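structure, please.
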Amino acid sequence: MGNPVPRLIVGNTRTDGMVGDLTALSPPEREYAGCAALRLLWYARSGDVVVLPMLPRPDFLAYVTSLTGTDPDSLDLLAPPPGELGAGLLTPDRTAEPGFHQRLAAAVRQRSIAEVLVVYQDTAVAQLVQSLGLRLPGHAFSAEGGDGILNSKAGFRAIAAGAGAPIVPGLATTRPDRAIELVTRLLAAGHSAIVKREFCCGSNGNEILSPVAGVRVAGAQRAVLLTDAAAVADYFGRRWDWLTIGGRYQVVIEQYLTDCDTVYSEYLVGDDGPQLLGVAEILMSPMPVGEIAPAQALPAAARTVLIEAGTRIARAFQAIGYRGFVSTDAVLTPSGQIFITEANARMSGSTHLHVVIRDRVLQTAHRDSRLLLEIHGWSVPSFAAAVARLAGTGLAFDRETGIGVMLTTDQMPDGTVTYCVVAEDLRSAKAIEGRLSTLFAFATDESATAVDGYGPFADAVSRPGRLPD
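Presented below is the predicted three-dimensional model:
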């Protein structure tokens, strides 16, 4: 086989189609998004052109490419000038800046780029790609804004129901009276409800409404105690503008199933149908703080239901013209039932575990016999210090054994990194993960609080050796 065809990689990790309104993100949240976009370097192959909100630091670039086998000097790394929302987001006004667009077009021509990989295929990136003489996979669908339909939590419920996938009872509505009626009925029956923004990511647009105190919160920012119909009406009166982003979008309301595990199946949808990439479980504390791949707490029967339901949804996406990554999130109830809770038609924060860490970094002999435990929020003095300490203690990932720890993000604005433990089984992974707690003197939880409201770093900064239950 020859060398892979050079690609254009675009790190648009936050778009209106993902979060609803980019202007609502605070400057710290935008900075986090820019740092998170550097994870696209894991996908880079020698000769690629990579567009990022900001250029990576040399030590992080060298570290990632040493694991992927990419020649860092062969990459053309480009970042446009800051735009109206600063330098953290790869917004359309930045990529359209004339000088930058000329440099990007020249790089695409010089390297004979023929393939494109982006995080989210919205109309803006479709127009950018087309202006360069290229096309996205499923270009006709994405260029018309189709991906927004698939990433809508309201759109998901309709498509999943039509595909025959098991979903939680609920509704999507633009009417406060219908929201009040459903939540009042659920609470009166002794159930809790979860309310979701139509467009958001990382569980940041979710809140749980409960008739009793002490409900376990997972996949939401908080739980709100509502004891009667008047309290429900008051809640929606106060929160409707936040939930609908000023009345622009629907609110999704579902029965909240307590004491569940969160799992997902991820696919790559091509012309021939969906290809299963992996099945994993998400660790909640109470927001997502990491994951285990492949999933360990998933009975065989439930795994089959999860994959079959996810495949149905992915095929429905394919049938209307979408091409690209799809992840279907679900909850596993204590009785073993699976309910699909949302689908994401985009590159997820987990895709790199399956298509890069497993399929490129691990040797072929290890790919089916290794477990990946990725955790967000390890406080370190610096990225370089973390790399050096892992190497000095023998904990760094070793390609020959297929065991050890690798860092999958650069140091974030709050001083943390994300790490991935590669081990033969969960017990071994936990033992390695626990040893990380001895490497540095950690700040207290109070002094290491992450930026409010940003994705997996929002409500819980993880500490090695303290995995959530």
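
pull the number of nearby residues for the nearest residue to Pro294 once chain neighbours are set aside.
Using C-beta to C-beta, 6 or more residues apart in numbering and skipping residues adjacent in sequence, the residue nearest Pro294 is Val279, 5.6 Å away. Every C-beta, even on glycine, is put in place using the N, C-alpha and C of the backbone. By other C-beta atoms under 10 Å, the residues close to Val279 number 19.

per-residue pLDDT of Val279, please?
Val279 is assigned a pLDDT of 98 by the prediction.

Ser327 in helix, strand or coil?
Assigned with DSSP: H, G, I helix; E, B strand; the rest coil, Ser327 falls in the strand class.

cool, and Gly190?
Secondary structure assignment for Gly190 (three-state DSSP): coil.

ranges for the strands of the stretch 301-450 of the chain?
Using DSSP state E, counting those that start in this stretch, the strands of the stretch 301-450 of the chain run over residues 324-332, 338-344, 371-379, 404-407, 416-423.

which one, of these, ends up nearest to Pro6?
strand 324-332 (19.2 Å; C-beta to C-beta).

so which other helices or strands are in contact with the closest one?
Applying 3 or more C-beta pairs under 8 Å, 6 or more residues apart in numbering; DSSP states H and E, one finds that strand 324-332 makes contact with strand 261-270, strand 273-284, helix 300-319, strand 338-344.

what does the longest one rub up against?
So that's helix 300-319. Applying C-beta atoms under 8 Å, 6 or more residues apart in numbering, the external contacts of helix 300-319 come out as 150, 159-160, 162-166, 263-265, 267, 269-270, 273-274, 276, 279, 295, 298, 326, 328, 330, 332, 336-338, 340, 343, 345.

for PyMOL, what selects the buried ones among the residues you listed?
Selection of buried members from the contacts of helix 300-319 for PyMOL, criterion 16 or more other C-beta atoms under 10 Å:
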select buried, resi 150+159+160+163+165+263+264+265+267+269+274+279+295+298+326+328+330+332+338+340+343+345
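
so what secondary structure elements neighbour the lowest-mean-pLDDT helix or strand in the chain?
Counting by mean pLDDT, DSSP states H and E, the chain has its least confident helix or strand at helix 16-19, which shows a mean of 72. When contacts are defined as 3+ C-beta pairs under 8 Å, 6+ apart, helix 16-19 packs onto helix 146-151.

what about the residue lying farthest from the centre of the chain, distance to Gly190?
Relative to the centre of the chain, the most outlying C-alpha is that of Ala230, 36.4 Å out, by C-alpha atoms, centre = their mean. Using C-beta to C-beta, to the nearest Å, Ala230 is found at 18 Å from Gly190.

send the alpha carbons of stretch 250-260 over as PDB?
What follows is stretch 250-260 as a C-alpha-only set of coordinates in PDB (Å, rounded to 0.1, in the frame of the first residue of the first chain):
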ATOM      1  CA  GLN A 250     -37.200  23.900  21.400                       C
ATOM      2  CA  VAL A 251     -36.900  22.300  24.800                       C
ATOM      3  CA  VAL A 252     -36.600  18.500  25.100                       C
ATOM      4  CA  ILE A 253     -38.200  17.000  28.200                       C
ATOM      5  CA  GLU A 254     -37.800  13.300  29.200                       C
ATOM      6  CA  GLN A 255     -38.400  11.100  32.100                       C
ATOM      7  CA  TYR A 256     -35.100  10.900  34.000                       C
ATOM      8  CA  LEU A 257     -34.100   7.300  34.700                       C
ATOM      9  CA  THR A 258     -32.100   7.100  37.900                       C
ATOM     10  CA  ASP A 259     -29.000   5.000  38.800                       C
ATOM     11  CA  CYS A 260     -28.100   4.200  35.200                       C
END
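
now do that stretch: distance to the chain's middle.
Centre-to-centre, stretch 250-260 and its host chain are 20 Å apart (C-alpha atoms, centre = their mean, to the nearest Å).

which residues sit against it?
So stretch 250-260 is contacted by 152-154, 157, 168-174, 179, 182-183, 186, 191-198, 208-210, 215-216, 218, 240, 243-244, 331-334, 339, 341 (C-beta under 8 Å, 6+ apart).

of the residues you listed, select the buried ones using a PyMOL command.
Selection of the buried residues among these in PyMOL, burial being defined by 16+ other C-beta under 10 Å:
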select buried, resi 152+153+154+157+168+170+171+172+173+179+182+183+186+191+192+193+194+195+196+197+198+208+209+210+215+218+243+244+331+332+339+341
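
so for the protein, the centremost residue is which one?
Note: the chain centre (C-alpha atoms, centre = their mean) maps to Gly349, 3.0 Å.

residue ranges in this protein under the pLDDT threshold?
1-3, 441-463, 465-469 (pLDDT under 70).

hmm, try it at 50
1, 442-462 (pLDDT under 50).

show me the contacts for Val119.
Counting by C-beta under 8 Å, 6+ apart, Val119 touches 10-13, 37, 40, 346-347.

swap in 6 Å and give it another go.
12-13, 346-347 (C-beta atoms under 6 Å, 6 or more residues apart in numbering).

would you say Glu29 is within a helix?
Yes. Per three-state DSSP, Glu29 lies within a helix segment.

how far out from the middle of the chain is whichever helix or strand Gln102 is part of?
Assigned by DSSP states H and E, Gln102 belongs to helix 98-110. How far helix 98-110 lies from its chain's middle: 29 Å, per C-alpha atoms, centre = their mean.

now do the buried residues in it.
100-101, 104, 107-108.

what do you get for stretch 14-24?
14-20, 22.

how about the CA coordinates for it, as PDB?
Coordinates of the C-alpha atoms in stretch 14-24 are reproduced here as PDB (Å, rounded to 0.1, in the frame of the first residue of the first chain):
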ATOM      1  CA  ARG A  14     -17.600  24.500  18.500                       C
ATOM      2  CA  THR A  15     -20.200  25.700  16.100                       C
ATOM      3  CA  ASP A  16     -23.700  27.200  16.400                       C
ATOM      4  CA  GLY A  17     -25.100  23.800  15.300                       C
ATOM      5  CA  MET A  18     -23.400  22.200  18.300                       C
ATOM      6  CA  VAL A  19     -24.000  24.700  21.100                       C
ATOM      7  CA  GLY A  20     -26.900  26.800  19.700                       C
ATOM      8  CA  ASP A  21     -25.200  30.200  20.000                       C
ATOM      9  CA  LEU A  22     -21.500  30.800  20.000                       C
ATOM     10  CA  THR A  23     -21.900  34.300  21.300                       C
ATOM     11  CA  ALA A  24     -23.300  32.900  24.600                       C
END
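
distance from that stretch to the middle of the chain?
What separates the centre of stretch 14-24 from the centre of its chain is 14 Å, taken as C-alpha atoms, centre = their mean.

next: stretch 6-19.
How far stretch 6-19 lies from its chain's middle: 12 Å, per C-alpha atoms, centre = their mean.

number the chain from 843, please
Fine by me, first position is 843 from now on; the one you just mentioned is stretch 848-861.

ok so, going back, take the strands of the stretch 1143-1292 of the chain and lay them out in a markdown table including distance to Gln1205.
Listed next are these as a markdown table, based on distance: least, C-beta to C-beta, whole Å:
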| stretch | distance to Gln1205 |
| --- | --- |
| strand 1166-1174 | 24 |
| strand 1180-1186 | 30 |
| strand 1213-1221 | 14 |
| strand 1246-1249 | 13 |
| strand 1258-1265 | 11 |
